[in-house]
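kindly generate the corresponding structure for this input.
(2 chains)
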Amino acid sequence: MVALRFLRALSLVRCSGPGARSPSYRARGIRRAAYACMAASAGPRRAWSRALLRKIRRRPGRGLRRPRAVIRRRRPVGGGDPLEVALRRLVPGGGCMEYCRLLEEAADYVKCLAMQVRLMQTIVDSASHVNSID
Amino acid sequence: MSSRRNRARQSGSSRITDEQINDLVSKLQSVLPEAGIRRNDRASAAKVLQETCNYIRSLHREVDDLSERLSKLLEESSSDQAAIIRSLLM
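Now for the predicted structure:
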């Protein structure tokens, strides 16, 4: 369940003491956790979740970087319609899909993204309430 | 329109009909917020794609903004309150 995953990830964020980072670094970490939890909960059946997890795990500076020529990538679909091109850029993994698949994936991605936003908003509201009690 | 038909020809065995595309477009329309397109109207595919792109961009911005706010909240909350939040996970 995405809520539990995300709360668990948040609890690991170090705010003070040794190992604490700058606020902007923390915010980026939280953002990455949000997308990772969302993708992990969607599971491997969706192309957008697989693409998102690949992108998150492929962090710069970690391990050896494969030279670009070796990376197996399907030929991206040539753009005709600028709206279709824009959508392909916004949906993770959208570059190489067939048009029908793109529409399906976009619908699922939007649904999960909206749910993630609602979850984060709920957490922010609850935490603000907890903070204001004192 | 012609680009879609070209695509259908290129895909060979999987003949994608306009009907299938319209079906998928209306499914996409159903996940969008109502403010963009009125649900009752059968919006054109172009309008739905435009609204989808706008909506995804706004959701990305919201995730960024909420991440910043969560980061500040985690910093501000005292260790007691952080323990309360952690205990919610158990």
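
mind listing the helices for chain B?
Secondary structure of chain B (DSSP state H): helices located at B:2-10, B:18-31, B:45-76, B:79-87.

hey, which of those helices is tucked in deepest?
Greatest average neighbour count among those goes to helix B:45-76 (a mean of 18), per mean count of other Cβ atoms under 10 Å in any protein chain shown. Quick note: C-beta positions are derived from backbone N, CA and C, even for glycine.

which other helices and strands does that one contact?
Contacts defined by 3 or more Cβ pairs under 8 Å, 6 or more residues apart in numbering or on different chains; DSSP states H and E place helix B:45-76 against helix A:23-42, helix A:82-90, helix A:99-133, helix B:18-31.

turn those into a markdown table, columns for distance to B:L73 and mean pLDDT.
Conversion of the helices and strands packed on helix B:45-76 to a markdown table gives the following (distance: least, Cβ to Cβ, whole Å; pLDDT from 0 to 100):
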| stretch | distance to B:L73 | mean pLDDT |
| --- | --- | --- |
| helix A:23-42 | 10 | 89 |
| helix A:82-90 | 28 | 92 |
| helix A:99-133 | 5 | 89 |
| helix B:18-31 | 29 | 89 |
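
which of those helices sits closest to A:F6?
Among these, helix A:23-42 comes nearest to A:F6, with 4.4 Å by Cβ to Cβ.

so for A:A40, which of the helices of chain B sits nearest?
Using Cβ to Cβ, the helices of chain B put helix B:45-76 closest to A:A40, at 15.6 Å.

one step back: which stretch among the helices of chain B comes nearest A:V91?
helix B:45-76 (7.4 Å).

between that closest one and helix A:99-133, how many degrees?
Interaxial angle, helix B:45-76 versus helix A:99-133 (axes from the mean of the first three to the mean of the last three Cα atoms, to 10 degrees): 30 degrees.

what is the mean pLDDT for helix B:45-76?
Rounded to a whole number, the mean pLDDT of helix B:45-76 is 91.

can you check what angle separates it from helix A:23-42?
Angle, helix B:45-76 to helix A:23-42, by the same axes, to 10 degrees: 120 degrees.

B:A45 is in contact with B:I21, isn't it?
Yes - contact criterion Cβ atoms under 8 Å: B:A45 and B:I21 qualify, at 7.1 Å.

mind giving me JSON lines with the helices of chain B and columns for distance to A:A39?
Compiled in JSON lines, those are given as follows (distance: least, Cβ to Cβ, whole Å):
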{"stretch": "helix B:2-10", "distance to A:A39": "28"}
{"stretch": "helix B:18-31", "distance to A:A39": "18"}
{"stretch": "helix B:45-76", "distance to A:A39": "13"}
{"stretch": "helix B:79-87", "distance to A:A39": "23"}
